[in-house]
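In: Provided below for reference: sequence and predicted model.
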Amino acid sequence: METRIIRVGEYMDREDDAIAINVRDLTKRYKGGKLANDHLFLCVERGRIFGLLGPNGAGKTTLVLQLLGLLAPTSGSITVEGIDVLRHPQRIKAFSSLMPQTRVAMRNLELHRALYITARLRGKSDREAREQVEELIERLELNEHRNQYLDRLSGGLMRVAAFAMSLVGDPKLIVLDEPTNELDPVRRRMVWDIIADLNRSGGVTCLLVTHNVLEAERVIERVAMIDGGRVVAVGTPGELKTRLGDEVRLEVVLKPEAARNGQAEQVTRMLDRFGRVVTLRPGQYAVFVRREGVGAAVDAVLQGLEGLLDDFRLAPPSLEDVYIHLAGQKLESEE
């Protein structure tokens, strides 16, 4: 199947057996009028490692809660593994799991006991649950912490424990919300090796919710970029980066006193000669420059902003550059 980028207003409508998640015209409006998802369309093939990329407040977590039957949408439809989530939310929970970004269930239990109970709740027999728990504790190098209560684990170990809880019971769909926050590089690599193994051997569909661009580019097969509650682009990382053509990002950071003295207009006027300028935050700007114009742009920055410049950097195209180009903001932006 030829992959294409979906723009706002377009949708790849598929009903075949290869589809794990099918979201159509989904809208979620909270009390008070806040719009979290705005006529959102999304299609995820079974067995993919699929990324939802966007800053805090883009609507990623709200979408996930609706996919798992934990939150009712205002309008629209969702099917997961062919099941209508709105009509049968409990059936979705039987074969899916969520690693939340914040709290973990059963924090007042020992690690091994919390894993065992989770496995039993997901349909494992006593023997199967014990075997799977031991296998996970061994593989995630948690044996010395097996008898510790979850709420006494360090932040990093708590994330690993939450990851282990998302795996027990052999779910078909695993949703990981910022899974490697607080993890050291070794454990981060371990987490993604396990996900890759499950994906290859068992056809597990993994939905990664993140704003970590480097992590997303390394592990995902396809990604949807979300802004303002809508999918603004979807494709492989390589496909999305082709939207920038031969442009590179020149990022300019002013000294704090220059940023406070209202000199933004001077800076943006000067940078605008070389490409589209995006204000990332006060005193920090990105301009997308064609490769043949990079030398002239750098010279202009060094000469024209002398005394005002704190830092500047050039970067090859990344998924974050695509997002900045589409949405006009950084993925790390605060809510």
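Out: The structure has been received and is ready for your questions. Numbers count the residues shown, from 1 in each chain.
In: from here on, just use CA atoms for contacts and neighbour counts.
Out: Noted.
In: what ranges does the stretch 101-250 of the chain have for its helices?
Out: 111-121, 126-139, 155-167, 185-202, 213-219, 237-241 (DSSP state H, counting those that start in this stretch).
In: quick one: which of those is nearest residue 73?
Out: Closest approach to residue 73 among these (Cα to Cα): helix 155-167, 24.0 Å.
In: what sits up against that closest one?
Out: For helix 155-167, the external contacting residues (Cα atoms under 8 Å, 6 or more residues apart in numbering) are 97-100, 104, 111, 114-115, 118, 136-137, 140, 150-151, 174, 176, 179-184, 187, 191.
In: give me the three-state assignment for residue 310.
Out: State at residue 310, reduced to three classes by DSSP: H, G, I helix; E, B strand; the rest coil: strand.
In: who touches it in this structure?
Out: 253, 254, 255.
In: can you pull the pLDDT of it?
Out: For residue 310, the pLDDT comes out at 89.
In: nearest to residue 314, out of the contacts of residue 310: which one, please.
Out: residue 253 (11.9 Å).
In: hey, what's the closest one bridged with?
Out: residue 284, residue 311 (DSSP bridges).
In: verify the stated contact: it with residue 281.
Out: No: using Cα atoms under 8 Å, residue 253 makes no contact with residue 281, being 9.5 Å away.
In: before we move on, back to that, just the buried ones from the contacts of helix 155-167?
Out: The neighbour count (16 or more other Cα atoms under 10 Å) marks 97-100, 104, 111, 114-115, 118, 136-137, 140, 150-151, 174, 176, 179-180, 182-183, 187, 191 as buried among those.
In: tell me what the residue nearest to the spatial centre of the chain is bridged to.
Out: Closest residue to the average C-alpha location of the chain: residue 210 at 2.3 Å, with Cα atoms, centre = their mean. Counting by DSSP bridges, residue 210 forms beta bridges with residue 53.
In: now for it: which residues touch it?
Out: Residue 210 neighbours (Cα under 8 Å, 6+ apart): 51, 52, 53, 54, 177, 178, 216.
In: kindly report the same for residue 17.
Out: residue 82.
In: tell me how far it lies from residue 85.
Out: From residue 17 over to residue 85 the distance is 17 Å, taken as Cα to Cα, to the nearest Å.
In: now residue 35
Out: 21 Å.
In: what about those two, which has more around it?
Out: Per other Cα atoms under 10 Å, whichever of residue 35 and residue 85 has more neighbours is residue 85, with 22 against 15.
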